[in-house]
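1. Attaching a predicted model along with its sequence, questions to come.
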Amino acid sequence: MLTRDELGALFQIGVQAADPRAAVRASLHAEPMPAHARLFVLSLGKAACAMAEAAIEILPQPARVLAVTNYENAAPLAGAEVMAAGHPVPDENGLRAAQGAETLLAEAGEGDRVLVLVSGGGSALLPAPVEGLSLEEKAEVNRILLAAGMDIVAMNAVRQHLSRLKGGGLLRAAHPAPVTALILSDVIGDDLRAIASGPTVAPIAPRPHVVEMLRATGVWSKLPERAQKALTRPEEDLPPLGADNRLIGSNRQSLEAMAQARPEAEIVSSTLIGDVEEAAQFVVRTAQQKSHPLALFGGETTVTLRGNGMGGRNQELALRVALALDGQPGWRFLSGGTDGRDGPTDAAGAIVDGQTIARIRAAGAAPESFLENNDSYHALKLADALLITGATGTNVADLQILSRD
């Protein structure tokens, strides 16, 4: 069985495999940018600064470079303007960043070229509400979708129709300049329409389908009235626009790097998605089968909020696994977000074992009560089980490791 430090080191191998600088360099060397009069670079997402830095190193003096990222990953970058904004809930700085992006795109003409560098988180970081919808209402929609436990694809299907830049809107803003997009995927299955809400691809679904989904899940009635109005407007008759979209990194690639680093490792699932309780049961069954001494998982689960505690999907997954395997020896489990932040906490996730629950109880607390309140963070903190990595500068969803004797 791997030690806690060994699990953490293996997790870092997966994170490093999604290094945004290396991915951008490799793509631009393999397929150089076509020659144009001027090149405009827009980098967005949690890896925006790192991706922009690599592009600046390789490209011949871009006319303008704008990087929009979350506060944790913001850093000064020579040759670029860096703007930081709120994530996962959009804020006023995000609104200003979206306006800055639109200004940059408007400067590009027919003889120019736009390079868009996309990473996870870009959807919330560039809120450009459609006409008639305020930023506060758009943020409220985000909170409602998160609380309902919607997966990233469903959430982005909604957000695309509430934004000027999502669902191909960026292409319309850049027109007539052609667009190349280098995309680091944080979406399981790598659907380009879902990554950062698909700024350079067509929408996931038409508006009527999105409304039908929201009604079927009971979310529709909770949305602000003006959001409902925006979603029921007739579809615009827009000319088709395309981009040179290139996928340069993904969760699957990180899993493969981890498996290569440990010959005994096996990728059990690269689609650990859906409700966190069901995902925990799958991990527990894998542990009980004892057929995989080192099992790897990748994905992105969802949590339905029932309380007002503090935590994230990886912490709740780890706590649920620890409860199910409480007292059983010879196992250790890590679940972490590759961006280094799990929910609104300073933890990437957690590392638990057969004694984690005993440590929580020894501190005088009931882990079941923490779960009921969605307060996995404070439960795991009592057991010294939190995984703290700091912001990683990348994001390819979540990685899990199960080690057994």
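-> Sure, I can see it.

2. what residues are up against residue 199?
-> When contacts are counted by C-beta atoms under 8 Å, 6 or more residues apart in numbering, residue 199 touches 44, 116, 118, 122, 126, 165-171, 181. In this view, the C-beta of every residue, glycine as well, is placed from N, C-alpha and C.

3. Let me know the secondary structure of the residue nearest to it when sequence neighbours are not counted.
-> The shortest distance from residue 199 to any residue that is not its chain neighbour, by C-beta to C-beta, 6 or more residues apart in numbering, is 3.7 Å, and that residue is residue 170. At residue 170 the chain is in helix, as set by DSSP: H, G, I helix; E, B strand; the rest coil.

4. I'd like to know how far residue 170 sits from residue 108.
-> Distance, residue 170 to residue 108, using C-beta to C-beta, to the nearest Å: 11 Å.

5. So those two - more neighbours on which side?
-> Just comparing residue 170 and residue 108: by other C-beta atoms under 10 Å the higher neighbour count belongs to residue 170, 33 against 25.

6. The more buried one contacts residue 115, doesn't it?
-> No. Residue 170 lies out of contact with residue 115 (C-beta atoms under 8 Å); the separation is 11.8 Å.

7. I'd guessed residue 127 sits against residue 134; true?
-> No. Residue 127 is beyond contact range of residue 134, at 10.3 Å (criterion: C-beta under 8 Å).

8. So for those two, which sits in the more crowded spot?
-> Legend: neighbour count by other C-beta under 10 Å for residue 127 and residue 134, higher for residue 127 (28 against 13).

9. give me the beta-bridge partners of residue 44?
-> Beta-bridge pairing of residue 44, defined through DSSP bridges, involves residue 68, residue 118.

10. per-residue confidence for it?
-> Per-residue pLDDT puts residue 44 at 96.

11. swap in residue 237?
-> The per-residue pLDDT of residue 237 was computed as 69.

12. and residue 208, how far is that from residue 217?
-> For residue 208 relative to residue 217 (C-beta to C-beta), the value is 15 Å.

13. how about the lengthiest helix in the chain: buried residues?
-> Ordering each helix of the chain by length in residues (DSSP state H) puts helix 92-107 first. Along helix 92-107, these residues count as buried under the neighbour rule (16 or more other C-beta atoms under 10 Å): 93-95, 97-98, 100-102, 104-105.

14. again, but for stretch 265-278
-> Residues of stretch 265-278 classed as buried by neighbour count (16+ other C-beta under 10 Å): 265, 268-270, 272-273, 276.

15. Next, format the residues you listed as JSON lines and append pLDDT.
-> Compiled in JSON lines, the buried residues of stretch 265-278 are given as follows (pLDDT from 0 to 100):
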{"residue": "265", "pLDDT": "97"}
{"residue": "268", "pLDDT": "97"}
{"residue": "269", "pLDDT": "96"}
{"residue": "270", "pLDDT": "94"}
{"residue": "272", "pLDDT": "96"}
{"residue": "273", "pLDDT": "93"}
{"residue": "276", "pLDDT": "96"}
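
16. now those in CSV, with distance to residue 244?
-> As requested, these are arranged in CSV below (distance: C-beta to C-beta, whole Å):
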residue, distance to residue 244
265, 35
268, 35
269, 32
270, 26
272, 31
273, 29
276, 37
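
17. Isn't residue 342 up against residue 312?
-> Yes. Checked against C-beta under 8 Å, the pair residue 342 and residue 312 is within contact range at 3.2 Å.

18. Which residue lies nearest the spatial centre of the protein?
-> When C-alpha atoms, centre = their mean is applied to the chain, the residue found nearest the centroid is residue 120 (4.1 Å).

19. What distance do you get for it to residue 66?
-> Using C-beta to C-beta, one gets 18 Å for the distance from residue 120 to residue 66.

20. just residue 146 next, same as before
-> If you go by C-beta to C-beta, the gap between residue 146 and residue 66 works out to 27 Å.

21. what about these two, which has more around it?
-> The neighbour comparison of residue 146 against residue 66 (other C-beta under 10 Å) goes to residue 66, with 21 against 17.

22. quick one: pLDDT of the more buried one?
-> Looking at residue 66, its pLDDT reads 98.

23. helix, strand or coil for it?
-> Remark: residue 66 carries the secondary structure label strand [criterion: three-state DSSP].

24. Could you double-check that it lies in contact with residue 42?
-> Yes. In this structure, residue 66 is within contact of residue 42 by C-beta under 8 Å, at 5.4 Å.

25. what touches both of those two?
-> Here residue 66 and residue 42 share the contacting residues 101, 104, scored by C-beta under 8 Å, 6+ apart.

26. Please convert the contacts of residue 199 to JSON lines, extending it with distance to residue 204.
-> Supplementary listing: these in JSON lines, determined by distance: C-beta to C-beta, whole Å:
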{"residue": "44", "distance to residue 204": "18"}
{"residue": "116", "distance to residue 204": "18"}
{"residue": "118", "distance to residue 204": "15"}
{"residue": "122", "distance to residue 204": "15"}
{"residue": "126", "distance to residue 204": "17"}
{"residue": "165", "distance to residue 204": "15"}
{"residue": "166", "distance to residue 204": "10"}
{"residue": "167", "distance to residue 204": "7"}
{"residue": "168", "distance to residue 204": "11"}
{"residue": "169", "distance to residue 204": "13"}
{"residue": "170", "distance to residue 204": "15"}
{"residue": "171", "distance to residue 204": "15"}
{"residue": "181", "distance to residue 204": "16"}
